[in-house]
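# could you look at this predicted model? Sequence included:
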Amino acid sequence: MKAFLEEYGIIIIVAIIALLMVVLATPLGQYIGTAIAGTVTDFINESGITNPPTWTNYVAEN
């Protein structure tokens with residue numbers, strides 16, 4: 001297994017990063033990002049943090 005990872009580890013990591021970039025560029029990626037931001041915001045609100053960070057929504061122009 002160690003030899004396999006030494007041989008193909010970088011290729012696997014690059015493929016995973018490329019796949020994540022493709023997914024994030026699609027509506028599914030926007031949905032996932034919105035869901036994560038909502039979850040973190042809900043957590044901050046429920047935890048009682050008095051000075052939470054603010055979220056800025058960045059919308060790329062076409």
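Everything's here; your move. Numbering: from 1, shown residues only.
# separation between Gly33 and Met21?
13 Å (C-beta to C-beta, to the nearest Å). For every residue, glycine as well, the C-beta is placed using N, CA and C.
# again, but for Glu7
24 Å.
# okay, which residue is most central for the protein?
Centroid-nearest residue in the chain: Gly33, 6.2 Å away (criterion: C-alpha atoms, centre = their mean).
# so who does that residue touch?
The contact partners of Gly33, taken as C-beta atoms under 8 Å, 6 or more residues apart in numbering, are Leu24.
# for the helix ranked longest in the chain, which outside residues touch it?
Secondary structure of the chain read by DSSP state H shows that its longest helix is helix 2-24. Residues outside helix 2-24 that contact it (C-beta under 8 Å, 6+ apart): Gly29, Ile32, Gly33.
# which element follows it toward the C-terminus?
helix 27-47 (DSSP states H and E).
# run the angle between that next one and helix 2-24 for me.
90 degrees (axes from the mean of the first three to the mean of the last three C-alpha atoms, to 10 degrees).
# which of the residues in helix 27-47 are buried?
By neighbour count on 16 or more other C-beta atoms under 10 Å, the buried set for helix 27-47 is empty.
# so how far is the longest helix of the chain off the chain centroid?
The chain centre lies 16 Å from the centre of helix 2-24; the measure is C-alpha atoms, centre = their mean, to the nearest Å.
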